[in-house]
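> turn this into a structure:
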Amino acid sequence: MARQSKLPKALQPMLATLVDVPFDGRDWVFESKWDGFRIVAAIDKRSVTLYSRNGLIVSDNYMPIAKALEKVRSDAVIDGELVVIDEHGISRFQLLQNALNTAANLRYCVFDVMFMDGKDLRGLPLLERKERLRALLPKDPLLIYSEHLPEHGKRYFREVQKAGLEGIIAKRAQSRYLSGARSKDWLKIKTSRRQEAVVVGFTAPRRTRPYFGALVLAVRDGGAWRYIGHVGTGFSHAMLKDLHAKLWPLRTASSPFKQRVKDEATTTWIKPKLVAEVRFTEWTSAGEMRHPALLGIREDKKPTEVVLEKEARPPK
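Next comes the predicted model:
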């Protein structure tokens, strides 16, 4: 079971800013955008603690990864992404929903090191930190060093898109590590549109579907909840059952919205505790997701942090 912990500011992961198109740049390097949960690994005398982005200690949930990191010979704090690899070697967020039962395909993809042997490395240039990380990492099939390619982001994006991956991360080669900050020195470019959303309700089941029909989704907007649509696809039977068990204890009497939304007569409202990852095609003029499909429930994000991701322009 995950345990709540107050993650120190120095250990909080650096976050990337979303941009709308890939770009080339001599001062930039490009990495694959891994499709999983962000995990910070703290190694102290070969004792390993795994932290999720929202401060949960999840070491017990992912013991194979913790055991692999015990081979690291230095005390260190490492940043990376916990993923499950499919049969084609591609990380898939959906597979993480059953990660406890698929440990053989679990991987920890590491891309940065913040501290090592008592020294703060965050002020060093990115490429120097990555060199130290590569040297630090033991050989283990569960640990993957995230390779990077210089300069040619457009070409790399096309390759990633063709392979069906989530996207790429662009990083300034000389950038410092800014703990807990969302920076324009790290940029994310996605191959398809995705949005985190908070589940605030569910509709009654229809036809032959059991448990529930669709999830009602919202994001935080100026201290209130903003409706962004319903999602009724992307569920397996097992996911419907598991999600319903999580939804039922969270029932509440009132809607979180000031305005009425569709299907209120058949909606059961819940407390905003669950964060979903949703893929969709575009935003409608009303600010709702078109053709949304559920990818899974995130355990590494706080609902109050879920806002509408706006795409910025890439650097010139």
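
> rest of the way, CA atoms for contacts and neighbours
OK.

> can you name the residues bridging to the closest residue to residue 291 other than its chain neighbours?
Among residues not flanking residue 291 along the chain, residue 280 sits closest, at 5.3 Å (C-alpha to C-alpha, 6 or more residues apart in numbering). In this structure, residue 280 bridges to residue 193 when assessed by DSSP bridges.

> could you check how many residues crowd around residue 280?
Neighbours of residue 280 under the rule other C-alpha atoms under 10 Å: 17.

> so who does it touch?
Applying C-alpha atoms under 8 Å, 6 or more residues apart in numbering to residue 280 gives the contacts 192-195, 289-293.

> can you list the residues you listed in TSV and add distance to residue 26, pLDDT and neighbour count?
Below are the contacts of residue 280 laid out as TSV (distance: C-alpha to C-alpha, whole Å; pLDDT from 0 to 100; neighbours: other C-alpha atoms under 10 Å):
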residue	distance to residue 26	pLDDT	neighbour count
192	26	85	14
193	27	87	16
194	28	90	20
195	30	93	16
289	36	94	24
290	37	92	16
291	38	92	16
292	37	94	22
293	37	93	19
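
> and the pLDDT for the residue nearest to residue 291?
The model reports residue 280 with a pLDDT of 92.

> quick revisit: for the contacts of residue 280, give me TSV that also has distance to residue 89.
Listed next are the contacts of residue 280 as TSV, based on distance: C-alpha to C-alpha, whole Å:
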residue	distance to residue 89
192	19
193	22
194	21
195	24
289	30
290	30
291	27
292	26
293	23
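
> which one of those is nearest to residue 312?
residue 193 (13.9 Å; C-alpha to C-alpha).

> verify the contact between that closest one and residue 279 for me.
Yes: Residue 193 lies in contact with residue 279 (C-alpha atoms under 8 Å); the separation is 5.9 Å.

> what about stretch 45-55, distance to the chain center?
In terms of C-alpha atoms, centre = their mean, to the nearest Å, the centre of stretch 45-55 is set 17 Å apart from its chain centre.

> so for it, what gets flagged as buried?
Residues of stretch 45-55 classed as buried: 46, 48-55 (neighbour count, 16 or more other C-alpha atoms under 10 Å).

> ok, stretch 281-290 next?
Quick answer for stretch 281-290 (16+ other C-alpha under 10 Å): 288-290.

> one more: stretch 307-315?
Applying 16+ other C-alpha under 10 Å to stretch 307-315 flags 307, 314 as buried.

> and for that stretch, what's in contact with it?
So stretch 307-315 is in contact with 17-23, 195-197, 219-221, going by C-alpha under 8 Å, 6+ apart.

> alpha carbons of it, in CSV - could you do that?
Only the C-alpha atoms of stretch 307-315 are listed here, as CSV (Å, rounded to 0.1, in the frame of the first residue of the first chain):
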residue,chain,number,x,y,z
VAL,A,307,-5.9,22.3,-14.7
LEU,A,308,-6.4,22.8,-18.4
GLU,A,309,-3.1,22.3,-20.2
LYS,A,310,-2.6,25.1,-22.6
GLU,A,311,-0.1,24.7,-25.4
ALA,A,312,2.6,27.3,-25.7
ARG,A,313,4.6,28.2,-28.8
PRO,A,314,8.1,26.5,-29.1
PRO,A,315,11.2,28.6,-28.9
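
> perfect, that will be all.
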